[in-house]
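> got a sequence here, can you model it:
(one chain, ligands or ions: 4)
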Amino acid sequence: MKLSGTILNLSLVSPLLVAHAYADLHPLSWTSDELINDSSDEKPPSLDEMWGDLWPFQGINTFAHLEHHKCLLDPDTTYDVALIGVPFDTAVSYRPGARFGPRAIRAASQRQTSLRGYNQRANFNPYQSWAKIVDCGDLPITPMDNSIAFAQMTKGFEELLLRRNSSTSDKIPPRYVALGGDHSVLLPHLRALHEVYGRINIIHFDAHLDTWAPDKYPSFWHSDQSEINHGSMLWKAHHEGLTSHTNIHAGLRTKLSGLEDYEDDDSQHFIRIDADDIWLKGPQYVVQKILDTIPADTPTYISVDVDVLDPGFTSGTGTQEPGGWLPRELIHVLRSIENLTIVGGDVVEVSPAFDTAEITSTNGAQIAYEIITSMVKKGPLDPKLVRGDAEELVKITHVNDLSKEGKEVNGIQKTKKTLQQKIKELDELKVELEAELLALRKLQVQ
Ligand SMILES: *[C@@H]1O[C@H](CO)[C@@H](O)[C@H](O)[C@H]1NC(C)=O
Ligand SMILES: *[C@@H]1O[C@H](CO)[C@@H](O)[C@H](O)[C@H]1NC(C)=O
Ligand SMILES: *[C@@H]1O[C@H](CO)[C@@H](O)[C@H](O)[C@H]1NC(C)=O
Ligand SMILES: [Mn+2]
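Numbering: from 1, shown residues only. Ligands and ions are numbered 1, 2, ... in the order given. Model prediction:
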């Protein structure tokens, strides 16, 4: 039987089969006549031989036909890189609908297979390399109460990052590409990453700043929860001490409240690259600006709001801004920063009800593929990136929970609190020193 190269073996037997389907293609020992000849003397083909092969448009959708694993329910299975859907969209300021983003991106990813997964721009196939890559499914999140939703997302990401080991090392957790959801889902992801790695550099591809203070949104009714929306989560992350002093936006063209928005943004330690820079100054300018800003060996998060692309390529999103990047420009920039230390990433704001002909979700699937390619191509992370006090911090948080319930805080717990404060101060000092070191290095180069 002649098998076309595009056929997939989606055998349900081995979890690794899908990621390594190429090696498991059936020996081509059957002619199609033999397969359908019921009166043949030959040993009949196995069920797997008969029914194990699917074409890309067949089967249940997981991202790129990867193995689906209910990661939250099973602490014992290890993996290195995973997709996690975050179907949440009740913190948007304009068009909602991104709760359906994860399933749309999965559907649009079906032409990515381990057989046809070779990324020719990277000269690399992430699906046939050292990393075990799985689709973790979705985080369960309520659409009824955002304070509960953020607790669910934060605890979910903590579970996935603090209590999971990667396949290659007990020292380092798996890495995730989150499929949004609106952009606020970055915050819970960063909270958990910060517990593992300390402060994180943000590379933020977006038409908008998303560092807006909540009072930039019109509301008489203020609450702690209303501070978090899809245009203020970076402000919140900065105020929670999660982000470093070396962050960058790329693709900006949002309308502003005024130039004071840039002052607020400066104070949160972001460098800005405008959408027009990619054609006025060129892609190399954009790439170099990112590489000059982000220290290559420190933990970095890539967040891609699909509205960084022109509305011509992203009708399916919440807040369109004309005059955006082409998909090929974004892909080029992502490929050119592949050597940074990427500890996590996301593709957010795919809102399929507004999408035309799966264009936005197909771009979303491609962006996830590029981030996965970079994570795997660079190899496993250095365990030294993990801060030693992560486990201690979890315990302290737990102790604080108990004290809130009225239990007495004893001497040891007080000492722990003092230590926690000292760790925080040292962490801030470290970040300042790193930023100064980077500035000095740049002076040296000039
Ligand atoms: C089916 O198998 C029988 C028994 O081996 C053989 O006689 C017959 O020619 C086969 N038919 C076809 C269409 O190959
Ligand atoms: C991860 O590895 C550590 C160190 O070997 C071990 O103590 C822990 O139980 C492992 N956790 C899981 C979820 O396998
Ligand atoms: C990343 O680093 C490798 C190894 O040093 C190098 O071969 C490759 O060209 C780098 N990639 C880019 C895009 O600079
Ligand atoms: Mn955004």
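
> near ligand 4, which residues of this protein?
Where proximity means Cβ under 5 Å from the ion, the interface of the chain facing ligand 4 comprises His183, Asp206, Asp210, Asp305. Quick note: C-beta positions are derived from backbone N, CA and C, even for glycine.

> below-threshold pLDDT in the stretch 301-446 of the chain: ranges please.
Along the stretch 301-446 of the chain, the parts satisfying pLDDT under 70 run over 389-413.

> distance of the residue in the stretch 1-150 of the chain that ligand 2 sits nearest to from ligand 1?
Of all residues in the stretch 1-150 of the chain, Pro75 sits closest to ligand 2, with a separation of 4.3 Å (Cβ to the nearest ligand atom). Computed with Cβ to the nearest ligand atom, to the nearest Å, the distance linking Pro75 and ligand 1 is 52 Å.

> count the neighbours of the nearest residue to that residue once chain neighbours are set aside for me.
Of all residues beyond its chain neighbours, the one nearest Pro75 is Arg163 (5.8 Å), with distances taken as Cβ to Cβ, 6 or more residues apart in numbering. Burial of Arg163 is recorded as 11 neighbouring residues (other Cβ atoms under 10 Å).

> any idea of the pLDDT on Arg163?
Per-residue confidence for Arg163 comes out at a pLDDT of 95.

> quick one: residues contacting Ser169.
When contacts are counted by Cβ atoms under 8 Å, 6 or more residues apart in numbering, Ser169 is found next to Pro380, Pro383.

> repeat that for 10 Å
Applying Cβ atoms under 10 Å, 6 or more residues apart in numbering to Ser169 gives the contacts Thr78, Asp80, Pro380, Leu381, Asp382, Pro383, Val386.

> with Trp325 instead?
Taking Cβ under 10 Å, 6+ apart as the definition of contact, the neighbours of Trp325 are 205, 207, 250-251, 253, 275-276, 278-279, 283, 286, 308-310, 313-314, 331-333.

> neighbours around Arg106, how many?
Arg106, neighbours per other Cβ under 10 Å, totals 27.

> sorry, wrong one. I was asking about Ala149.
Ala149 has 24 neighbouring residues, counting by other Cβ under 10 Å.

> over to His245?
By other Cβ under 10 Å, the residues close to His245 number 18.

> verify the stated contact: it with Ile294.
No - checked against Cβ atoms under 10 Å, the pair His245 and Ile294 is beyond contact range at 11.1 Å.

> of all the contacts of Ser169, which comes closest to Glu432?
Of all the contacts of Ser169, Glu432 sits closest to Val386, with 21.4 Å by Cβ to Cβ.

> what is in contact with His245 and Ile294 at once?
Both His245 and Ile294 are contacted by Asn201, Leu438, under the criterion Cβ under 10 Å, 6+ apart.

> who's in contact with Gly324?
Residues in contact with Gly324, defined by Cβ under 10 Å, 6+ apart, are 206-207, 251-253, 275, 278, 306-314, 330.

> same thing with His204?
Taking Cβ under 10 Å, 6+ apart, we find His204 in contact with 183, 186, 210-211, 234, 243, 247-252, 270, 272-273, 301-305, 308.

> so in terms of bridging, what pairs with the residue of the stretch 301-446 of the chain at minimum distance from ligand 4?
Using Cβ to the ion, the closest approach of the stretch 301-446 of the chain to ligand 4 is made by Asp305 at 3.5 Å. Asp305 has the following beta-bridge partners by DSSP bridges: Val348.

> burial check on it, number of neighbours?
27.

> buried residues, the top helix by length along the chain. List them.
Once the chain is assigned using DSSP state H, the helix that runs over the most residues is helix 411-445. Buried positions in helix 411-445, judged by neighbour count with 16 or more other Cβ atoms under 10 Å: Gln413, Lys416, Gln420, Ile423, Asp427, Val431, Glu434, Leu438.
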